[in-house]
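[1] here you go, sequence then predicted model.
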Amino acid sequence: MEKSEIQKQINVPIVIPSYEPDGRLIDLLHDLDNKAMGPVIIINDGSSEEYDHFFKEAESIITKRGGKLISYRPNRGKGRALKTAFSYISEKMPDVTGCVTADSDGQHTPECMATIINALKEHPDNLILGVRQFNKEDIPWKSWFGNTLTIKVFSYVAGMKVNDTQSGLRGIPLQFMKELINCKGERFEFEMQMLLDCAGRYNLTEIPIKTVYESKDNHQTHFRPVKDSLRIYRILGKKFIKFVFSSVSSFVIDILLFYLFISFYKDDFPGLYVTISTIGARVLSAFYNYLINYKFVFKSQAARSVSLTKYALLAIIQMSLSAGIVSLFVFLLPKIPETIIKCIIDTLLFFLSYTVQQKLVFRSPKK
């Protein structure tokens, strides 16, 4: 590797979380050492004593270039291992541009790591994501299917398209790395939470990388298909469930306020009390819905005046679309009850509203 390339990588340590490794970790470290890449921070995530000899050999390789081995027991999960490394780097290496995370099983080559490092140096405020090419012919079926499905779900929930949600090869800028230390998620779901926290706040740069598996039948992983997949989808589901809660609670508040306003205005405004009560309840419940979505659902950092204006405009458009489309289908399909048509149309608009609020109304200014 040329001297200029080495210089580019000095300020970007490589983080490798490892649980019960094999010889591939040692081979990787020798390759990194031969290419003058490092420093390398290895986290022994609670491996049993029979793996100590791998870590001793690993430590002897990485310390030559200022690397560090951090060990603890019992196993705490990949998310905790990464956060342990982030804490160490933030304290001991405060001048770094960021770090690159990689797996210990040989899936990520030194050449791919160098590409991610260089991209992080060129875009020091971006999250750099190494993107694998998902070809059914070359990748285990469960990995291809799981990643493809998760990409679709993530794209909707986060409002950001990502072509590989589970890649472990990432370049993380220093400021984002510090924020992630207190991020939720202790195991594989942490990497998904990282992407959710990035959405709308940090720019994302995707870099194509090689996908290296020994074979579709012999590929080994500590990923537990059922438990870890449930953890990942629970992370994705939480955000949308918050949106559902916000909408349902707003509906309940709207009905309660309508009831109270009718009781209050019925005698004083006999001809207008229904209209007054409807408008008053809708305005207050909508403002409540805006505040909940701003603070709780999307955790927006956008200017309130701007987001409130957009929200009000969206509410008017959504109401107009509902009235217009329902009226059209009632005319075209007179045998179907109006209430059923309205439920179907409003449900579709509900899902559309989530996307619009995510991408336009509450989108935070990127760092």
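    In hand now; what should we look at?
[2] please make it C-alpha for all contacts and neighbour counts, starting now.
    Fine.
[3] for the stretch 101-250 of the chain, what spans make up the strands?
    Along the stretch 101-250 of the chain, the segments classed as strands by DSSP state E, counting those that start in this stretch run 127-131, 170-173, 204-208.
[4] of those strands, which is nearest residue 36?
    If you check each of the strands of the stretch 101-250 of the chain against residue 36 by CA to CA, strand 170-173 wins as the nearest, at 18.5 Å.
[5] who does that closest one touch, helix- and strand-wise?
    Packed against strand 170-173 by the contact rule (3 or more CA pairs under 8 Å, 6 or more residues apart in numbering; DSSP states H and E) you find strand 98-101, helix 110-122, strand 127-131.
[6] in a markdown table, list these along with mean neighbour count.
    Formatted as a markdown table, the helices and strands packed on strand 170-173 follow (neighbours: other CA atoms under 10 Å):
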| stretch | mean neighbour count |
| --- | --- |
| strand 98-101 | 26 |
| helix 110-122 | 21 |
| strand 127-131 | 26 |
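[7] would you turn these into TSV with distance to residue 284 and mean pLDDT?
    Listed next are the helices and strands packed on strand 170-173 as TSV, based on distance: least, CA to CA, whole Å; pLDDT from 0 to 100:
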stretch	distance to residue 284	mean pLDDT
strand 98-101	45	96
helix 110-122	46	95
strand 127-131	39	95
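[8] on that earlier part again, out of the strands of the stretch 101-250 of the chain, which is closest to residue 11?
    Across the strands of the stretch 101-250 of the chain, closest to residue 11 is strand 170-173 (CA to CA), at 11.2 Å.
[9] now residue 204, nearest residue through space, not along the chain?
    Closest residue to residue 204 in three dimensions, ignoring its sequence neighbours and counting by CA to CA, 6 or more residues apart in numbering: residue 127, at 5.0 Å.
[10] how about residue 247?
    Counting by CA to CA, 6+ apart, residue 247 lies nearest to residue 289, which is 6.9 Å off, once chain neighbours are set aside.
[11] phi, psi of that neighbour?
    The phi/psi pair for residue 289 (degrees, to the nearest 10) reads phi -60, psi -40.
[12] which stretches of the stretch 251-367 of the chain have low pLDDT?
    Within the stretch 251-367 of the chain, the segments meeting pLDDT under 70 span 366-367.
[13] care to break the chain down by domain?
    Per the record, the chain has its domains at 8-223, 240-361, by automatic domain parsing.
[14] between these, which gets nearest to residue 234?
    Nearest of these (CA to CA): domain 8-223, 8.7 Å.
[15] just give me how far that closest one sits from the chain centre.
    Per CA atoms, centre = their mean, to the nearest Å, the displacement of domain 8-223 from the mean C-alpha position of its chain is 15 Å.
[16] list the buried residues for stretch 294-311?
    Buried residues in stretch 294-311, counted by 16 or more other CA atoms under 10 Å: 294, 297, 298, 300, 301, 302, 307, 308, 310, 311.
[17] helices of the stretch 251-367 of the chain, start to end?
    Taking DSSP state H, counting those that start in this stretch, the helices of the stretch 251-367 of the chain run over residues 273-292, 304-332, 338-356.
[18] now render these as JSON lines, adding distance to residue 100.
    JSON lines is the format used below for these (distance: least, CA to CA, whole Å):
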{"stretch": "helix 273-292", "distance to residue 100": "35"}
{"stretch": "helix 304-332", "distance to residue 100": "35"}
{"stretch": "helix 338-356", "distance to residue 100": "31"}
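[19] most tightly surrounded among the ones you listed?
    helix 273-292 (a mean of 18; mean count of other CA atoms under 10 Å).
[20] which strands and helices sit next to that helix?
    Against helix 273-292 (3+ CA pairs under 8 Å, 6+ apart) you get helix 225-265.
[21] relative to helix 338-356, how tilted is the helix it packs on?
    Orientation note: helix 225-265 sits at an angle of 120 degrees relative to helix 338-356 (axes from the mean of the first three to the mean of the last three CA atoms, to 10 degrees).
[22] pretty sure residue 70 sits in a helix.
    No - read with DSSP: H, G, I helix; E, B strand; the rest coil, residue 70 is strand and lies in no helix.
[23] pull the number of nearby residues for it.
    For residue 70, the count of nearby residues is 16 (other CA atoms under 10 Å).
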